[in-house]
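Engineer: Here's my sequence, what's the structure:
(2 chains)
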Amino acid sequence: MPLLSEAMGLRSFVALPVSRGGSVFRLQYLVDTGSDPGIMFVNAALGLTGKDTLLFGLPYRVSPPDGGDRTGDFSALYRRTIWQDDQKYETTRIALLTGVVLATDSNKDHALQLGLVATFYRDRNSFDMDALYRYGLDSRFNEGRYDVSWQYRLSPAEYPEWGFPTEWYTVLELNGRWREGQTIDHQVTVGLQRVRHNWVLEGGIIQTINNSHETQFLISTRLRF
Amino acid sequence: MIRTFLFSFLLMLATLGQADTVEVDILGMSCSFCVEGLENKLSELPDVAHVDVSLKNKVVRIVSKEDSLDMERVRSAIIDAGFTPAEVRKIRTDEH
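Structural biologist: Prediction:
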């Protein structure tokens, strides 16, 4: 996979780079300041070729408020890089996303997904942008989201001649979440990432800047195989 | 004729067990998490003994085992990892 270069925003998983035959797993925990114990997300990315990747996601609610199912809907996406401009010290890539959402509750309907993701990397800066639309089938509502992420490498200021140092990144994101019948929530996410070769530990704060003005906290880890 | 045969034989002995070290410029490299897949892909090749990656200079250094490197396989492995191979430089040939 051409991995969309660094492509590691906090909120989104669709820009993540994966090599052919490789895989990346992410476990993410999201909690707000209220009494809800939060949601866990399990994501997996499987590299098919240099340009093709499968992306899966499954949310798990720790304690459903209405006593319903803990397991949320299963998401499957296929990502295809359609444009790639690799230079020595910068890279730009664009990929298409298409897939489905499979409802795990028999009372719910499924959805189709379509989106786009772009990544730009230069020097110590990486930018990821993605937009995804979910078209609900039958009685299911439509949904949409966008993420604009900027990751800046705090450390090291300069890489060593050889090898992989531990890296630290600050992350600043603008995110949008929309559901049919509601106004879109715009959010600002700030966070920190620690990258050590094949392992990432990251965390952040998500602030909804309109509507509910809700504050959430995020912690997650990724492993590459 | 004996001298020609001896020279050819000695030349053959001299080239047996020679390892190559090459450096390949890689386009599209970014952070260590992304590049780890590249190191794995190259290390899996049967004729590769050792791989070093330079995020600073966007280069991989590959040391072969006993035989010369199959550069076409190296190139495919880099592409499979999601990057673009560029200039190749042979650093040295060592005898075992």
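Engineer: any weak-confidence spans in the chain?
Structural biologist: Answering for chain A, as no chain was given. Along chain A, the parts satisfying pLDDT under 70 run over A:1-7, A:65.
Engineer: switch to chain B, that's the one I care about
Structural biologist: Of all residues in chain B, those with pLDDT under 70 make up the ranges B:1-18, B:67, B:92-96.
Engineer: Near chain A, which residues of it? Just list them.
Structural biologist: B:25, B:27-28, B:30-38, B:40-41, B:52-58, B:61, B:79-84, B:86 (CB under 8 Å from any CB of the partner chain). From N, CA and C alone the C-beta is placed, and that goes for glycine too.
Engineer: mind checking how far the residue most central in space within chain B is from chain A?
Structural biologist: Centre of chain B computed as the mean C-alpha position; nearest residue by CA atoms, centre = their mean is B:Ile62, 3.8 Å away. Here the criterion is CB to the nearest CB, to the nearest Å. By it, B:Ile62 lies 13 Å from chain A.
Engineer: mind checking the SS state of that residue?
Structural biologist: Secondary structure, DSSP: H, G, I helix; E, B strand; the rest coil: B:Ile62 is strand.
Engineer: Count the neighbours of A:Ser149 for me.
Structural biologist: Per other CB atoms under 10 Å in any protein chain shown, the neighbour tally for A:Ser149 reads 24.
Engineer: show me where chain B has helices.
Structural biologist: In chain B, the helices defined using DSSP state H lie at B:2-15, B:32-43, B:71-80.
Engineer: which other helices and strands contact the second one?
Structural biologist: Just to be clear, that refers to helix B:32-43. Contacts defined by 3 or more CB pairs under 8 Å, 6 or more residues apart in numbering or on different chains; DSSP states H and E place helix B:32-43 against strand A:185-196, strand A:215-224, strand B:48-54, strand B:59-64, helix B:71-80.
Engineer: So which of these is the most surrounded?
Structural biologist: Looking across these with neighbours counted as mean count of other CB atoms under 10 Å in any protein chain shown, the highest average goes to strand B:59-64: a mean of 21.
Engineer: then it to PDB, C-alphas only?
Structural biologist: Taking Å, rounded to 0.1, in the frame of the first residue of the first chain, the C-alpha atoms of strand B:59-64 are listed here in PDB:
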ATOM      1  CA  VAL B  59      17.700   5.800   1.800                       C
ATOM      2  CA  VAL B  60      17.800   2.000   2.500                       C
ATOM      3  CA  ARG B  61      21.000   0.100   2.700                       C
ATOM      4  CA  ILE B  62      20.700  -3.500   1.800                       C
ATOM      5  CA  VAL B  63      23.400  -6.100   2.400                       C
ATOM      6  CA  SER B  64      23.000  -9.400   0.500                       C
END
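Engineer: got the angle for it vs strand B:48-54?
Structural biologist: Angle between the axes of strand B:59-64 and strand B:48-54 is 170 degrees (criterion: axes from the mean of the first three to the mean of the last three CA atoms, to 10 degrees).
Engineer: what pairs with strand B:59-64, and is each one parallel or antiparallel?
Structural biologist: Based on DSSP bridges, the pairing partners of strand B:59-64 within the sheet are strand B:18-27 (antiparallel), strand B:48-54 (antiparallel).
Engineer: Which one of those lies nearest to A:Thr170?
Structural biologist: Of all the strands paired with strand B:59-64, it is strand B:48-54 that lies closest to A:Thr170, at 24.0 Å by CB to CB.
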